[in-house]
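> Could you look at this predicted model? Sequence included:
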Amino acid sequence: MIQQLRKIKRELVKSGYPELRFSPRPIYISMSTLDEETAATFGNDTPGYDIITVDHFVDTISLEARVGLIAHELAHCVIDRRRGQHWGAIMDFLYPNSKTIKRYEENSADRMTVERGYGKCLLQFKQEVGEEGYGLTNTEILRMIESGRYPLYSVRV
């Protein structure tokens, strides 16, 4: 499973997140047991690399849903890198303590995921997991997809 997730990440970086392609700061994927409300996390507090940690339950979801999950986490990475290196420390404090910040961050990552062409995959993930959470609602994602303003891609692995 971890190899498939790494391949998904490589394909997404090539096709949908080109600004991450030649970054001097690599992005690694690991699996762990996370809390019951968390499918994956993005972290940048490790020296020299970023890490996406994915919960083991992703073994039970479809490939399309996995693509949506990894695309969403890569969007967090792009957003974070645009802000600069000190943002991670600020977010480590703000994100878990503010529903407003959490909602803003998750909405931003969901929106970028759809804009980059992985909206159907993100929607599939949210439908399979039953997650509305802090990000865009399924209805909002569907509206963005149906607007025809964004490409629709998937990843072959």
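On my side now, so go ahead. Just so it is clear, the structure is predicted and the values come from calculations on it, not from any experiment.
> When you work out contacts or count neighbours from here on, use the C-alpha atoms and nothing else.
Fine.
> by contact count, what packs against the top helix by length along the chain?
Scanning the chain for the longest helix, with DSSP state H as the assignment, gives helix 63-83. Using 3 or more CA pairs under 8 Å, 6 or more residues apart in numbering; DSSP states H and E as the contact definition, the elements that helix 63-83 packs against are helix 2-15, strand 40-43, helix 99-113, helix 119-129.
> can you do 10 Å?
Using 3 or more CA pairs under 10 Å, 6 or more residues apart in numbering; DSSP states H and E as the contact test, the elements touching helix 63-83 are helix 2-15, strand 27-32, strand 40-43, strand 50-55, helix 87-97, helix 99-113, helix 119-129.
> Export only the CA atoms of it, formatted as CSV.
Provided in CSV are the C-alpha atoms of helix 63-83 (Å, rounded to 0.1, in the frame of the first residue of the first chain):
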residue,chain,number,x,y,z
LEU,A,63,-7.8,4.1,-5.7
GLU,A,64,-9.7,7.2,-6.8
ALA,A,65,-10.4,8.1,-3.2
ARG,A,66,-6.7,7.6,-2.3
VAL,A,67,-5.8,10.0,-5.2
GLY,A,68,-8.2,12.6,-3.8
LEU,A,69,-6.7,12.3,-0.3
ILE,A,70,-3.0,12.6,-1.5
ALA,A,71,-4.0,15.5,-3.9
HIS,A,72,-5.6,17.3,-0.9
GLU,A,73,-2.4,16.9,1.2
LEU,A,74,-0.2,18.1,-1.6
ALA,A,75,-2.4,21.2,-1.8
HIS,A,76,-1.6,21.8,1.9
CYS,A,77,2.1,21.5,0.9
VAL,A,78,1.8,24.0,-1.9
ILE,A,79,-0.1,26.5,0.3
ASP,A,80,2.4,26.1,3.1
ARG,A,81,5.4,26.7,0.9
ARG,A,82,3.9,29.8,-0.7
ARG,A,83,3.7,31.3,2.8
